[in-house]
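Enquirer: Here is my input; please provide its structure:
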Amino acid sequence: MSGFPLSLPAAINLREVGPRDGLQIEKPIPTADKLRLLESLVAAGLRRIEATAFVSPRAVPAMADADQVAAELHRWPEIEWSALVANSRGADRAIDAGITNLEYVVSAADGHSQANAGRSTREATDAIPEIVAAVQKVGGQCEVIVATAWDCPFDGPTSPARVHEVVGHAHESGVDRVCLADTIGTATPTRIVELVESVRERVASTPIGLHMHNTRGAGLAGILAAMQVGIVDIDASIGGLGGCPFAPGASGNVATEELVYLCQDMAVETGVNLELLLRAATAAENAVGRTLPSNLLKAGDRARVPPPRPAGRLV
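Expert: Next up, the predicted model:
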């Protein structure tokens, strides 16, 4: 690119997390509406989708139908479905329901770990080997998501050493991937790259993913910076849905359609049809019954035919 060289990957490995992260803080919606949303995401070309979470229905009522959702995923056998779990009980439930690709979340900060999972970071980290073994025994893949990797709403800035401790233990346990999560949307490009590179030094042979929230509007900037240092496993949420019910102030994820728009315009392949993805975002908006934060959903793809220019002029 003349005059402004960027070191970009040829493609990213995009995971849609809207049906889980996006819906977990919403009022529960009918399972049938969730399945229609999944259908629209599949139609848009998404091939990695986090469908649900096997967590306490009392704590997260929106995920109470995890078993029912899992029972319908056979409709789309070409999709790499996954689910989030917060402990070994959740992992067992997910496996019994037929979902064998799991994300196990461990908060690097004790404050958020206690709020989110009712135990310390050390206790959550100690459970990694058991969960990895259970998943891999049935032929699945296990990813450890490191929540509050940069900042915690209770403890403040997260020390990189705490992140290194979690990912190091995950790596030693044979985890298939680790993912760094900006749970409350505070990270900016320099901090993101610094942590990514330090984690890579610690677990060079383990793939690293990125999960960004857009609370302060810096999500896409952080993803672009991470892409330039080789990160290709990236999460996003349709319409910008999302947030953590146990992290005060956390809001939605980076909108999937905005990430696809960015990549498409920079010739980075996603495998996703943007027009159909915008239809899926509209379906998500209708399902939750409120306006979603995605700017692209409001403005549309620039490739569309612009509306007629109004007559006259402003004076």
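
Enquirer: Excluding chain neighbours, give the residue nearest to residue 268 in space.
Expert: By the measure of C-beta to C-beta, 6 or more residues apart in numbering, the closest residue to residue 268 outside its immediate chain neighbours is residue 8, 5.6 Å from it. From N, CA and C alone the C-beta is placed, and that goes for glycine too.

Enquirer: Give me the pLDDT for the one you found.
Expert: For residue 8, the model assigns a pLDDT of 97.

Enquirer: so residue 229 touches residue 199, yeah?
Expert: No. Counting by C-beta atoms under 8 Å, residue 229 stays clear of residue 199, with 11.1 Å between them.

Enquirer: okay, the two: which has more neighbours?
Expert: Legend: neighbour count by other C-beta atoms under 10 Å for residue 229 and residue 199, higher for residue 199 (23 against 14).

Enquirer: Can you give me every residue that contacts that one?
Expert: Residue 199 makes contact with 163, 164, 167, 178, 180, 208, according to C-beta atoms under 8 Å, 6 or more residues apart in numbering.

Enquirer: Now residue 202, what are its backbone angles?
Expert: Residue 202 has phi and psi values of phi -80, psi -40 when expressed as degrees, to the nearest 10.

Enquirer: That one and residue 120: what is the separation?
Expert: According to C-beta to C-beta, to the nearest Å, residue 202 stands 21 Å off from residue 120.

Enquirer: and what of residue 182?
Expert: Residue 182 is 21 Å from residue 120, by C-beta to C-beta.

Enquirer: These two - which one has more neighbours?
Expert: Shown here are residue 182 and residue 120; by other C-beta under 10 Å, residue 182 has more neighbours (29 against 14).

Enquirer: Residue 68: which of the contacts of residue 199 is nearest?
Expert: Closest approach between these and residue 68, by C-beta to C-beta: residue 178, at 30.0 Å.

Enquirer: Counting neighbours, what do you get for the closest one?
Expert: Residues near residue 178, counting by other C-beta under 10 Å: 25.
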